[in-house]
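Chemist: What follows is a predicted protein model with its sequence.
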Amino acid sequence: HIDPLGTVVIPIVTLALSPFMFGWAKPVPVNFNNLTPPRPGMFWVAAAGPGSNLAQVVVWALVALVLAQTVDAKGLVGPFWLSVADAGIRVNIMFALLNLLPILPLDGGRMVTSVLPPRLAMAYQGTERFGMIILLVLLFTGAIGWVLSPLLSGMYFLTLRLIGLS
């Protein structure tokens, strides 16, 4: 799943040259012959990405709850470990939201393709060649932050409220 350029080189370069980091991984190989029926199967395969991020949000939230309730006289459980759990919550919410954008090749784009009528799905799949360009333009113009920041904040505070840490 690690792409040498997208997972190693580009993140280092973008972090060194800008205030954010950008990168990608190799797509997960999917044998469409194993999906029956194929269109709903593709929906669930695509939903697994953001779904795994949301599952990790739950795990990190539970870790944060346990850490917040742990009294440690030796200082082993303190602000640092709570900040690690907090980062786990935030990063996974952001990945889930980013992956749900309806831009191919992201999972959200695959999910949209799987629910569109076949003729529209074929036309929509033609936009995939522009997907990374669209995503980069959204990132560099800050438009993606304008869209995702309120959702990230809302989901983050909802997560904290649900575990009683708000």
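Modeler: That came through, no problem. Residues are numbered from 1 along each chain as shown.
Chemist: which SSE is the most centrally placed residue in the chain in?
Modeler: Residue closest to the mean C-alpha point of the chain, counted by C-alpha atoms, centre = their mean, is residue 95 at 1.6 Å. Using DSSP states H and E, residue 95 maps to helix 79-99.
Chemist: From the contact counts, what lies against that helix?
Modeler: Helices and strands touching helix 79-99, by 3 or more C-beta pairs under 8 Å, 6 or more residues apart in numbering; DSSP states H and E, are helix 38-69, helix 143-162. Using the backbone N, CA and C atoms, a C-beta is placed for each residue, glycine as well.
Chemist: Kindly export the shortest one (C-alpha atoms) in PDB.
Modeler: What follows is helix 143-162, C-alpha atoms only, in PDB (Å, rounded to 0.1, in the frame of the first residue of the first chain):
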ATOM      1  CA  ALA A 143     -11.200  25.500  -0.500                       C
ATOM      2  CA  ILE A 144     -11.000  22.000   0.900                       C
ATOM      3  CA  GLY A 145     -10.400  23.500   4.400                       C
ATOM      4  CA  TRP A 146     -13.400  25.800   3.900                       C
ATOM      5  CA  VAL A 147     -15.600  22.800   3.200                       C
ATOM      6  CA  LEU A 148     -14.100  20.200   5.700                       C
ATOM      7  CA  SER A 149     -13.200  22.400   8.700                       C
ATOM      8  CA  PRO A 150     -16.800  22.900   9.900                       C
ATOM      9  CA  LEU A 151     -17.400  19.200   9.500                       C
ATOM     10  CA  LEU A 152     -14.200  18.300  11.300                       C
ATOM     11  CA  SER A 153     -14.900  20.600  14.200                       C
ATOM     12  CA  GLY A 154     -18.500  19.300  14.500                       C
ATOM     13  CA  MET A 155     -17.500  15.700  14.400                       C
ATOM     14  CA  TYR A 156     -14.600  16.300  16.800                       C
ATOM     15  CA  PHE A 157     -16.800  18.000  19.400                       C
ATOM     16  CA  LEU A 158     -19.600  15.500  19.000                       C
ATOM     17  CA  THR A 159     -17.000  12.700  19.600                       C
ATOM     18  CA  LEU A 160     -15.800  14.400  22.800                       C
ATOM     19  CA  ARG A 161     -19.300  15.100  24.000                       C
ATOM     20  CA  LEU A 162     -20.300  11.400  23.400                       C
END
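Chemist: quick one: that helix to chain centroid distance?
Modeler: In this view, helix 143-162 has its centroid 13 Å away from the chain centroid, taken as C-alpha atoms, centre = their mean, to the nearest Å.
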